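A.B. asks: Could you look at this predicted model? Sequence included:
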Amino acid sequence: MKIYFETILNTRKAIVALISGLSEAQLNEIPKNFNNNIAWNLGHVMVSQELLCYHLSGLKCNIKYDVIDKFKKGSKPTEEISMNEITSMKALLIDLAYKLEADYNKGIFINYNNYKTSLDVELKSIEDAIAFNLFHEGIHLGAIMQMVKLV
């Protein structure tokens with residue numbers, strides 16, 4: 001599992017580095033042929049881990065439910081995200097990667113409610129969720145990389 005946690009952390013550090021020089025306007029711009037923006041992708045990565053790992057394990061998420069609603073699957077940007085919020089999200093993105101590993105090592109993930117993803121992958125354990133989450137974050141890293149070129 002160690003490699004999964006290292007890869008999640010490194011993926012998130014890459015996202016933060018990739019967007020570090022962008023303005024608030026660039027982070028909120030929805031590029032042509034996209035239905036979301038970089039700021040939304042940042043929040044979505046953070047929220048997806050919480051839902052896949054904590055919520056489906058029957059545990060309380062580490063972020064507020066209004067934030068979850070704003071960035072969960074099926075949502076889209078409805079308002080501009082301020083630079084202060086983006087800065088907080090970038091820090092939380094890294095912090096939550098460390099927290100997931102620490103909580104996993106503590107053994108808090110005892111139960112898991114099976115979940116079938118939109119790709120028809122059935123998650124049956126926290127290990128499945130962590131592996132799928134890593135794949136999911138790679139997709140969004142790719143989307144962010146494309147958007148950076150367009151904003």
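C.D. replies: Received it, and whenever you're ready, just let me know what you need.
A.B. asks: and the residue nearest the centre of the chain, what are its phi and psi?
C.D. replies: For the chain, the residue nearest the mean C-alpha position is V45 (1.2 Å; Cα atoms, centre = their mean). Here the main-chain torsion angles of V45 (degrees, to the nearest 10) amount to phi -60, psi -50.
A.B. asks: Same question for the one 4 residues further on.
C.D. replies: Note on Q49: backbone dihedrals following degrees, to the nearest 10 are phi -60, psi -40.
A.B. asks: cool, the one 10 residues further on as well?
C.D. replies: Dihedral pair for L59: phi -110, psi 160, per degrees, to the nearest 10.
A.B. asks: before we move on, what about E122?
C.D. replies: E122 adopts backbone torsions of phi -90, psi 120, taken as degrees, to the nearest 10.
A.B. asks: what do you get for L123?
C.D. replies: Main-chain dihedrals, L123, degrees, to the nearest 10: phi -90, psi 130.
A.B. asks: Going by residue numbers, what spans are helices in this structure?
C.D. replies: Using DSSP state H, the helices of the chain run over residues 2-19, 24-28, 38-49, 65-71, 83-106, 126-150.
A.B. asks: Nearest to L59 among these would be which one?
C.D. replies: L59 lies closest, by Cβ to Cβ, to one member of the helices of the chain: helix 83-106, at 8.3 Å. (Glycine included, C-beta is placed from N, CA and C.)
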